[in-house]
Structures are given as C-alpha cells and as structure tokens.
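Participant: here is my input; please provide its structure:
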Amino acid sequence: MNSNYNDIIDVILTLVDDEEIRSDIAVSGSIVPYLVANKESLEHHTDFYILVKNKKMDLIRSKIRKLTKEYEFDFVTDSKKYSNEDYGFKVKYQGTTIGFFPYSIIDNNLTIKTYSINKEKDSIALKKKKIPNVRKSSVIRLINFQKKQIRIMTPEFVLADKETREKEPGNPTDETMYLLDKICDESVLKVVRKSVSEEDVKITTKDLNNNNYILIAILAGLVILLVVVAYICFKK
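Facilitator: Coordinates of the predicted model:
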C-alpha cells in the first residue's frame, strides 16, 4: 500500500494547532520514530493512534465532530455505544483509521483503554491495560517537529510495547523496528521494558447483538408508551 505519512502528519498538526487540546494528547504507534528522527516514512501505518487524557475524551469527540466536514473525518465506531465506560473511538481520514483512546497516569501506573470489534463474531473486546512503576518522563515526551511541539509516547515505550505484541497483525516493518531501536535510550528502555513486562491486561468481550436487542426493546417500549399516551388523549 502507498505511504500515508502525509495524511498522518496533517492530522497531527491539525490537533496540535488547537491550544485547548494539544497538551491532553500523545501520539503513538509506528509513526513515532519518524517524528523523532524527522524522517519521512514510506510505509502505510495501520497502527496510528492518539492517546487522550481520560477526562478529556468527550472534549476530543466534540472537536473531531466539528472538524468532520473540513477534514473529512468519518466516525467508524465508538466504544460508548457498547459500554458505559469509555474505551475510545475511531475515525477514518483519507483511508487511514485513527484510534483515539483514553489514558491516565495515577500513582505511577499507566492505564490505557482500547477496543476492537470482531465483525465475524459480532463482538467487541474492551481492553484495559495497566503498566506499573512508570515515570511519566519515560513514557511521554515533548518533541519539536516542523516548528511545533508535539507530545508523543516515547520511542522506548513504543518499542517495548511492540515487543510484547510481536506476533499480532499490523506490527511495524523491520525498518521501523530498526529505527526505534536506534533512537532509544538504553537505560530508559531497560526500565520501560521491565514495567511493560509486568503489565496487567483485562479484556471484556461483549456480544454486539445483545446491544441491538436492548435498543430494540427500548424503542418498542417508547412506541407502546406513545400509543398509550395518544389513546388517553383521544379518550379525553
């Protein structure tokens, strides 16, 4: 597939231009080493995502919806449709899917919530990952890129995270892994690897059909209520 580097950069720069949210997001995925090295990528990145401070998720949703017409963001899915707890949402821009997922760092624990939908099984997997003993400076960094400052997940975190999911589809190419390894600080990487190796992952799977049945039941109840109200009004 053709490189989507320029499309990704468009999205990133659009977001960091907004003063209200620029300090609440962190870019992650295999695009990170290219941002750090200021090198154009020739790859098609399938794992580009934005981590958002947990309490700012609704603000980000609102911002993206307002940008939908101007930047052709198409909402793909939203976890809030299937869960009371926020696990993020996904949009598509110029053929590139972008995940916006909530994170928090509390008492040196980094918690990241994501989700994935299995269309064949009509199910959604809600994933909560907690990484212990994390120093914020080891996992989030501010860099200069095209005369702007961008918050990123550190190359050390991205590499350590990729290593734990080596066999999963969508992993970066050898070139990206080489670049990550090249720009990582060994002392930081060692600490982050240890934390990532001790991560606690909880996955909850839900049947999407159940949500559809609940929605149908609610709609049916509303219809019955309207009929009853109309009947009472007619009798009067």
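
Participant: burial of residue 87, as a residue count?
Facilitator: 24 (other Cβ atoms under 10 Å). Backbone N, C-alpha and C define where each C-beta goes, glycine included.

Participant: quick one: contacts for the closest residue in space to residue 208 that isn't next to it in sequence?
Facilitator: Spatial nearest neighbour of residue 208, excluding adjacent residues (Cβ to Cβ, 6 or more residues apart in numbering): residue 122 at 4.6 Å. Contacts here follow Cβ atoms under 8 Å, 6 or more residues apart in numbering; on that basis residue 122 touches 207-209.

Participant: adding neighbour count and secondary structure, write these out as TSV.
Facilitator: Output for the contacts of residue 122, formatted as TSV (neighbours: other Cβ atoms under 10 Å; DSSP: H, G, I helix; E, B strand; the rest coil):
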residue	neighbour count	secondary structure
207	13	strand
208	16	helix
209	10	helix
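
Participant: ok, those vs residue 176, which is closest?
Facilitator: Closest approach between the contacts of residue 122 and residue 176, by Cβ to Cβ: residue 208, at 32.9 Å.

Participant: distance check, that closest one against residue 104.
Facilitator: Distance, residue 208 to residue 104, by Cβ to Cβ, to the nearest Å: 27 Å.

Participant: the residue nearest to residue 173 when sequence neighbours are not counted: which element?
Facilitator: Excluding the flanking residues, the one nearest residue 173 by Cβ to Cβ, 6+ apart is residue 43, at 6.0 Å. Applying DSSP states H and E as the criterion places residue 43 outside every helix and strand.

Participant: what's the helix or strand for residue 142?
Facilitator: Going by DSSP H and E, residue 142 is in strand 140-145.
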